[in-house]
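1. Quick one: sequence and predicted model below, then my questions.
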Protein chains: 2
Amino acid sequence: MTRWVGVHESISELFPPTWFKRALEESEPAETDGSETGIEVVEVGGDDPGTLSGLDVCVTLAYEGAFLDSDLSWVHSVQAGIDRFPLDAFDERGMALTNSEGIHGDVVGETVLGYLLTVARGLHRYRDAQHEAHWGDPDWSELGTLRGERVCVIGLGTLGQGVARRAEAFGMEVTGVRRTPTPVDGVREVYTPGELERAIESSKFVVLCVPLTEDTQGLIGPEELAAMDEGAYLVNVARGAVVEEGALVDALEAGGIAGAALDVFEAEPLPERSPLWGMEEVLVTPHVAAAYEGYADRVGAIVRENLRRQGIGKPLANRVV
Amino acid sequence: MTRWVGVHESISELFPPTWFKRALEESEPAETDGSETGIEVVEVGGDDPGTLSGLDVCVTLAYEGAFLDSDLSWVHSVQAGIDRFPLDAFDERGMALTNSEGIHGDVVGETVLGYLLTVARGLHRYRDAQHEAHWGDPDWSELGTLRGERVCVIGLGTLGQGVARRAEAFGMEVTGVRRTPTPVDGVREVYTPGELERAIESSKFVVLCVPLTEDTQGLIGPEELAAMDEGAYLVNVARGAVVEEGALVDALEAGGIAGAALDVFEAEPLPERSPLWGMEEVLVTPHVAAAYEGYADRVGAIVRENLRRQGIGKPLANRVV
C-alpha cells in the first residue's frame, strides 16, 4: 500500500522540501515487516483543503486553517515547538498532531556551547576587530573559562540535556530548572519553577530551553533579570516571547547583566530599531540553534517510523494531540 | 631566607606585573616545610645587567641580552614556547631556563572548541550580519555539527590533549600526530610526523598545537595544504611560523581548504594588507588562545614550587635548559 505524505510549502523557510522528499523516499524502512510498500511525497500549499485530500499525513512548519477543514487525520510539525497550533481545535476535530521533539539535543547543545565559549573567550570582539584589519590588546581580566563557572539550564528536555551534558564536559557546575525536579545526568542540582530566582541568582550563564506555553511566556522579566548576577549572560534558544524584551534591554543598558545571546525566530523578528542589535555584548542570530544539514533526515525518520506504526495500528510516537 | 623574584617588564604585554606580584606574594607555600620564609617580587627591565643582581629568578616574556650578562642563574618563561631564547647560550653559561608548559590545556582547549563551534555552526557569519541589523536566511546545507566529524590534532602535549579531550566529549572522531606515537586518552589514532599527510587528508579540522622548533617551522606548506580536504578548516594556536602564510593564502583563495582560525602572535603580526583579514571564512585573533584572568596565578604556582625545590636542592620542574 502506498503511503501519501504531503510536505507543506512552509517548510521551505527552513530547508528545501526536496530534502525532506529525498529523506523519506530514499531511507530504509525502520523494520522490514512488510507493512510498507512505498512512500510518495507530494508538495502541498495554498488555502484549498481539497489539495490535502487523501494524504496520510501533512508535514509542516506553519499552521494553516485549511488543515482543520480538510479530511486530514494527522499533521506533523517539523519543529519541536507547537505553540503555533490550536491544540484544542485539533483535539475536538480528532486530528492527531505529532512534533519533532527529541532530535535537536546535540545540535542545540553545540550551538549553545558555541555561544558560551564565544562570550567566555571574547571571540565576538576579535571578529568585530577583524573588520578593521587590526586589534587592540585584549583585556585579560575579562577573559575567563567555562571550567568552574556555573550554568543554569531552564528546561531540561532534549535541548536542555544536550546543553547540560556538553557544559559538564567542560567542567562547568551545571544546575537546572524543570517542572518535575528529578535527577538528570550531569546536572548537579535540579530546581522547580517556583525556585527560579534562587536557581539563577549565582549563575554566570542562564540558558533558556523551555517550550513556549502559557506558563513560560514572559518567564524572564524584570524580577528574574534583577536576580541575575551583574556579570551573568542570558542565552535564549527558546521562543523570544519567553523573555520580556523591554526588560532585557533595560537590564543590559543598566548593567544589570553582562550580555546575552539571542536566537531569534523569524516569525517574531527583532525590529531593526531594537538597541539589542548594536550592543557589543549581545549576540543576535536568526533562529538557527537547531539548523543543520541533517535536519530533514531526522524529521524524516520520525515520520517514517510513525507511518509504520500507523500501518500496524500502534500509537504514534511524539504525539502531542 | 627571603627569596627575590624579578618580574621583567615584558610580561606587561600579557598582563600587569602586579597580578604576578600578587599571585606570588599572597599564595600559600606549596609545602610548609620551613624552607620558605618569604618572597619579594621586584619589577625589572632595561639593558643594565646590574639591575638583575641578587635575584633568585627572573620571570619574563621576552629574552634580553642582559640576562646572559648578569649573575642570574635561573630564568622562567611565562609562556610554554621558548623559541625566543638562545638555548645553547643558556646551556654554555650554565643558566637554567624553565617554562610554563602544562597550564594552558583547558584554556586553549576551550578557545579551540570555540573556533570549531563557530565554524561548524556559522556563528561568525551571524555576527557579521548583526552589524547590519538584519540577517539573511542561513544556508542550512552549510550548517553542520562537530559530532561525527574528524579532527586531527597536530602535537599532543598539554595543549593538544586539552583540545582532544573536549573534541571527544562532542562526539568527534579525534586523531593526532606526535613524535612518539603512543596512545593518548580520547585520541582514536596517533600518527607519527612522517605520516602527517595521511593524518590530515580526511579531517574536517586540523588543529596545530606544536611548539615552534626547527622541525615544525613551515610544517604546513603547499603540500600539506593540498592534502587537506576542500571542506576542511585549519586552526593554528601554535606560532604563526608553523604555517607558510603565502601557501595558506593561496590555498584559501583557490578553494583548496574551506577556512582557517589563526591565533596570531603580536611579535609576528599579520600585515594590515594581508588578504587573510578580509576573508569571511578566516577567523583572525591576536595571540589569545591561552589568555586568561587566572594566567598569572598559574605561572606563579610553577615559580613558587620551583623556589621551594631550589631551596631544598631538588631539580627544577619544567626545566628546558
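-> Perfect, thanks for sending it.
2. any idea of the mean pLDDT for stretch A:113-133?
-> When pLDDT is averaged along stretch A:113-133, the result is 95.
3. typo on my end, stretch A:58-74
-> On average, stretch A:58-74 scores 96.
4. who in the stretch 101-250 of chain A is up against chain B?
-> Proximity of the stretch 101-250 of chain A to chain B (Cβ under 8 Å from any Cβ of the partner chain) is limited to residues A:106-107, A:110-111, A:113-115, A:117-118, A:120-124, A:126-128, A:130-131, A:133-135, A:137-138, A:140-147, A:166, A:169-171. C-betas here are computed from N, CA, C, even on glycine.
5. just the buried members of those residues?
-> Neighbour counting with 16 or more other Cβ atoms under 10 Å in any protein chain shown marks A:106-107, A:110-111, A:113-115, A:117-118, A:120-124, A:126-127, A:130, A:135, A:138, A:140, A:143-147, A:166, A:169-170 as buried within these.
6. which residues of the stretch 1-150 of chain A fall in strands?
-> A:3-8, A:39-44, A:57-60, A:74-77, A:96-98, A:150-154 (DSSP state E, counting those that start in this stretch).
7. how big is the angle separating the lowest-mean-pLDDT helix or strand in chain A from strand A:3-8?
-> Using mean pLDDT, DSSP states H and E, helix A:17-26 stands out as the lowest-scoring helix or strand of chain A, at a mean of 88. Interaxial angle of helix A:17-26 relative to strand A:3-8 (axes from the mean of the first three to the mean of the last three Cα atoms, to 10 degrees): 170 degrees.
8. Just give me how far helix A:17-26 sits from the chain centre.
-> Helix A:17-26 sits 22 Å away from the centroid of its parent chain (Cα atoms, centre = their mean, to the nearest Å).
9. So which elements touch it?
-> Counting contacts by 3 or more Cβ pairs under 8 Å, 6 or more residues apart in numbering or on different chains; DSSP states H and E, helix A:17-26 is packed against strand A:3-8, strand A:39-44, helix A:295-311.
10. any idea which of these is most buried?
-> strand A:3-8 (a mean of 23; mean count of other Cβ atoms under 10 Å in any protein chain shown).
11. So which elements touch that one?
-> So strand A:3-8, by 3+ Cβ pairs under 8 Å, 6+ apart, packs with helix A:17-26, strand A:39-44, strand A:57-60, helix A:295-311.
12. quick one, phi/psi of the closest residue to residue A:228 other than its chain neighbours?
-> Leaving aside its sequence neighbours, residue A:228 sits nearest to residue A:257 (Cβ to Cβ, 6 or more residues apart in numbering or on different chains; 5.0 Å). Phi and psi for residue A:257, reported as degrees, to the nearest 10, are phi -130, psi 160.
13. While we're on residue A:257, how confident is the model there?
-> 98.
14. Let me know whether it touches residue A:226 as I believe.
-> No. If you go by Cβ atoms under 8 Å, residue A:257 and residue A:226 don't touch, sitting 9.3 Å apart.
15. Between those two, which has more neighbouring residues?
-> Just comparing residue A:257 and residue A:226: by other Cβ atoms under 10 Å in any protein chain shown the higher neighbour count belongs to residue A:257, 20 against 15.
16. quick one: the more buried one from chain B, how far?
-> Per Cβ to the nearest Cβ, to the nearest Å, residue A:257 is found 18 Å from chain B.
17. quick one, what contacts that residue?
-> A:225, A:228, A:229, A:230, A:232, A:233, A:234, A:251 (Cβ atoms under 8 Å, 6 or more residues apart in numbering or on different chains).
18. would a markdown table of those residues with pLDDT be doable?
-> Formatted as a markdown table, these follow (pLDDT from 0 to 100):
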| residue | pLDDT |
| --- | --- |
| A:225 | 98 |
| A:228 | 98 |
| A:229 | 97 |
| A:230 | 97 |
| A:232 | 98 |
| A:233 | 98 |
| A:234 | 98 |
| A:251 | 98 |
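19. Among those residues, name the buried ones.
-> A:225, A:228, A:229, A:232, A:233, A:234, A:251.
20. and which of the residues you listed is nearest to chain B?
-> Sorting the buried ones among the contacts of residue A:257 by distance to chain B puts residue A:233 at the head of the list, at 14.3 Å, by Cβ to the nearest Cβ.
21. how near is that closest one to residue B:126?
-> Distance of residue A:233 to residue B:126, given as Cβ to Cβ, to the nearest Å: 16 Å.
22. Helix or strand: which one has residue A:225?
-> For residue A:225, the host element (DSSP states H and E) is helix A:222-227.
23. any residues touching the helix or strand just after that helix, and which ones?
-> The helix or strand immediately downstream of helix A:222-227 is strand A:233-236, counting by DSSP H and E. Strand A:233-236 is contacted from outside by A:112, A:115-116, A:119, A:204-208, A:220, A:225, A:228, A:242-243, A:248, A:257-263, A:281, using Cβ under 8 Å, 6+ apart.
24. Using JSON lines, please lay out the helices and strands packed on helix A:17-26 together with mean pLDDT.
-> As requested, those are exported to JSON lines (pLDDT from 0 to 100):
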{"stretch": "strand A:3-8", "mean pLDDT": "95"}
{"stretch": "strand A:39-44", "mean pLDDT": "94"}
{"stretch": "helix A:295-311", "mean pLDDT": "95"}
